[in-house]
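>>> Mind looking at a prediction? Sequence and model below.
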Amino acid sequence: MPQFVLSKAINAALRRAMEDDPKVLVMGEDVGKLGGVFRVTDGLQKDFGEDRVIDTPLAESGIIGTAVGLALRGYRPVCEIQFDGFVYPAYDQIVSQVAKMNFRSRGRLKMPIVIRIPFGGGIGAVEHHSESPEGYFTHTAGLKVVAVSNPEDAYWMLQQAIASDDPVIYFEPKRRYYEKAEIDTSATQAPFPLHASRVVREGTDVTLLCYGPMVKTCLEAAAAAEEEGRSLEVIDLRTLSPLDLGPVYESVRRTGRAITVHEAPMTLGLGAELAARITEQCFFSLEAPVLRVGGFDTPYPAAKLEEDYLPDLDRVLDAVDRTLAF
Amino acid sequence: MTAPYARSDEPELVQLLTPEGERREHPDYAFDLDDDAIKGFYHDLVMTRRIDTEAFMLQRQGELGIWASLLGQEAAQIGSGRALRKQDYVFPTYREHGVAWCRGVDPLALIGLFRGVDHGNWDPAEFGFHLYTIVIGAQTLHATGYAMGVQRDGLVGTNDAERDTAVVAYLGDGATSQGDVNEAFIFSTVFNAPVVFFIQNNQWAISEPIEKQSRIPLYRRASGFGFPGVRVDGNDVLATYAVTKAALQQARDGGGPVLVEAFTYRMGAHTTNDDPTRYRLTDELEHWKLKDPLARVKAYLVRNGLADEAFFEQVEADADTLAEHLRSSTRAMPDPDPAKIFDLVYQEQTPELVEQKEWFVKYHASFAAQAEVH
Ligand SMILES: Cc1ncc(C[n+]2csc(CCOP(=O)(O)OP(=O)(O)O)c2C)c(N)n1
């Protein structure tokens, strides 16, 4: 089976979706000749032409707003936002227009738009290049939101997102772009549904809930904990809206302990929602309160401080200690 | 899809010094300073270029995370920057190192930002030079609002050179596509705000040529919004000085906004992360090298016997000294204290952040304690 790094897996998924459906368009800043600033769209314009791989003017509201029109016309735009911090000029179009079109037209007008956003920190960039804006989008009804953590999911989930008639915000963990894995590209069907969470490591003592860039961190934490005789179960949420909590409840009922881990600031982050849901559903199984590990409630700091800001293996293990001490 | 205008010099381009170093007259714009001032400009140009090349090398040596080079755009920045008065206020993008130089901002403060120690540690009010803005176009609205404030404070059209104030927003050609910029154009003209929009049309927005942003020369955009626009040779420091000076004066006099399009070229990569060989031809670069903003000033000074070898050696020596200072000071720049991220999120500290900071400090200390045990 061929090996792919995550960025190339997305590239392969785009290519396959474009081959399968002539209505699929790629649009964004620098996606053409340059292949995007992360080279995710490398070579696509050469093969599919400028009408299908569109170097747009430098205007995020324009990118999403015109994607709305193209979608109304039967196209399936896949929009690239260059960096997380540049999605806000398009925010109005996304939350006021994209998210509500289906509902207000009573299902007559579909929005099969995918908005790809490289997100999260850890690459030593300047301001606005390392944000975790997922909370804004999961809070908005009408949007579906997914975050991929590995090349295989990146490959399949993007194709599923493109095939979906609902708008999907597709978060790419930019610091994991170079993670490698085998992908069976000859398969005709995705191994998992788009909106499904997955247990990626089994364990019995504590359940770690994570997504995107933090999945690798949590797996590393679980491996380290094992050496100390602790067994951590790791769940990759994969889908942030809608959440798929069945496997989460099942796991927490077994382990009795849950920790949520994300890079985004804690307050009103996804961890808060998960803690509330778990408390409601698994109250009598819990041995300890649901703990949260996240970014601090500060603006994303300058690059020299991001290692202190971001949850890492030690912060996760610290929370494991705390939950086991209850 | 290529618009022919974008690669050729047009008659409407204001030029006062040719690439060969010959002075030119223009019916509307005159350079009104003496040759000593031109020598001063030359010094500025060389120093600015050296800051840029030094920072570029520091990035390559791993001392900076990234650097946005201004190579090729020095004349646009020094000409416009030197046309400012002390009380004027500048809203830069992330590439205005030459303007920062003119405003007296320590180049090390710029370097610190790109090194990742902070988000820009200079006092904007002290220098009349706002923090760098990375979100494309956002600063044009801030500049317009600031100018509206200046206007309300009665600092426009008083005929007092010490008081009348103009505001400058720097932006790139790509930025003109943003909604914010179009809104800034509307606000500034509707409210007659004393703001100059100074576009450095360096022909590229990362990989996208100007044709991907506009089908007309950018200076003509202004007339659609109802204010004047002018295109100047952005590699000609005399012309950028003269044109910006006139634009600022119009703004200060209460004449409202002006758009200046400095027609220039980004000779380097977009940033140190970029690879321009993927999208542009070397021919283009060679073509623009002939218009180098430094070479023509030097040619003028030499050809007219205005500066001798000793002058040029002194300028080089000054640049060497600055470069050495930047190198050693950058390497010596301390990492920031991590606990500081909790301070100054707000003017008034919140209980949550106090708690998060306490936790963080204790957590950090636990590692130090562990290290001692082992
Ligand atoms: C809102 C927003 N979108 C995208 C970016 C990423 N980006 C940084 S610089 C740049 C190109 C800017 O081109 P231009 O305005 O011509 O200025 P130049 O860099 O050439 O000086 C892009 C797309 C950004 N910083 N902000």
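Noted; the coordinates are in hand.

>>> Surely residue B:55 is within a helix?
Yes - counting by DSSP: H, G, I helix; E, B strand; the rest coil, one finds residue B:55 located in a helix.

>>> separation between the nearest residue to it once chain neighbours are set aside and residue A:266?
Spatially, and ignoring its direct neighbours in sequence, residue B:55 is nearest to residue B:67 (4.8 Å; CB to CB, 6 or more residues apart in numbering or on different chains). Any C-beta I mention is one placed from the backbone N, CA and C, and that applies to glycine too. As judged by CB to CB, to the nearest Å, residue B:67 and residue A:266 stand 33 Å apart.

>>> List the residues that contact residue 148.
You didn't say which chain, so I picked chain A. Going by CB atoms under 8 Å, 6 or more residues apart in numbering or on different chains, residue A:148 touches A:6, A:154, A:157-158, A:170-173, A:212, A:238.

>>> that's the wrong chain, I meant chain B
B:187, B:191, B:193.

>>> One more: residue B:265?
With contact taken as CB under 8 Å, 6+ apart, residue B:265 is in contact with B:72-73, B:202-203, B:234-235, B:288, B:291.

>>> Would you list the phi and psi of it?
Dihedral pair for residue B:265: phi -150, psi 140, per degrees, to the nearest 10.

>>> ok, now residue B:234?
Torsion angles, degrees, to the nearest 10, at residue B:234: phi -70, psi -10.

>>> I'd guessed it sits against residue B:240; true?
Yes - contact status for residue B:234 versus residue B:240: in contact at 6.2 Å, counting by CB atoms under 8 Å.

>>> which neighbours do the two share?
The overlap between the contact sets of residue B:234 and residue B:240 (CB under 8 Å, 6+ apart) consists of B:75-76, B:262.

>>> Tell me how many other residues crowd the one residue in the stretch 101-250 of chain A that gets nearest to the ligand.
Taking CB to the nearest ligand atom, the ligand has its nearest neighbour within the stretch 101-250 of chain A at residue A:128, 6.6 Å off. Residue A:128 has 19 neighbouring residues, counting by other CB atoms under 10 Å in any protein chain shown.

>>> what ranges do the strands span in the chain?
Unless you meant another one, I'm taking chain A. In chain A, the strands defined using DSSP state E lie at A:3-5, A:24-28, A:53-55, A:76-80, A:114-119, A:144-147, A:168-173, A:180-182, A:198-201, A:206-210, A:232-236, A:239-241, A:258-265, A:291-295.

>>> look at chain B instead
Using DSSP E, the strands of chain B run over residues B:89-91, B:167-172, B:195-201, B:204-205, B:208-209, B:229-233, B:258-263.

>>> So which elements touch the first one?
Yep, that's strand B:89-91 we're talking about. Under the contact criterion of 3 or more CB pairs under 8 Å, 6 or more residues apart in numbering or on different chains; DSSP states H and E, strand B:89-91 touches helix B:138-152, strand B:167-172.

>>> Mean neighbour count, the ones you listed: which tops it?
With neighbours taken as mean count of other CB atoms under 10 Å in any protein chain shown, these reach their highest mean count in strand B:167-172, at a mean of 29.

>>> Which pLDDT value goes with residue B:367?
Here, the pLDDT recorded for residue B:367 equals 88.

>>> Could you report the separation of it from chain A?
8 Å (CB to the nearest CB, to the nearest Å).

>>> State the number of residues packed around the spatially closest residue to that residue that is not a sequence neighbour.
Leaving aside its chain neighbours, residue B:367 sits nearest to residue A:314 (7.7 Å; criterion: CB to CB, 6+ apart). Residue A:314 has 13 neighbouring residues, counting by other CB under 10 Å.

>>> Would you mind measuring the gap between the ends of stretch B:184-195?
Separation of the first and last residues of stretch B:184-195 by CA to CA, to the nearest Å is 10 Å.
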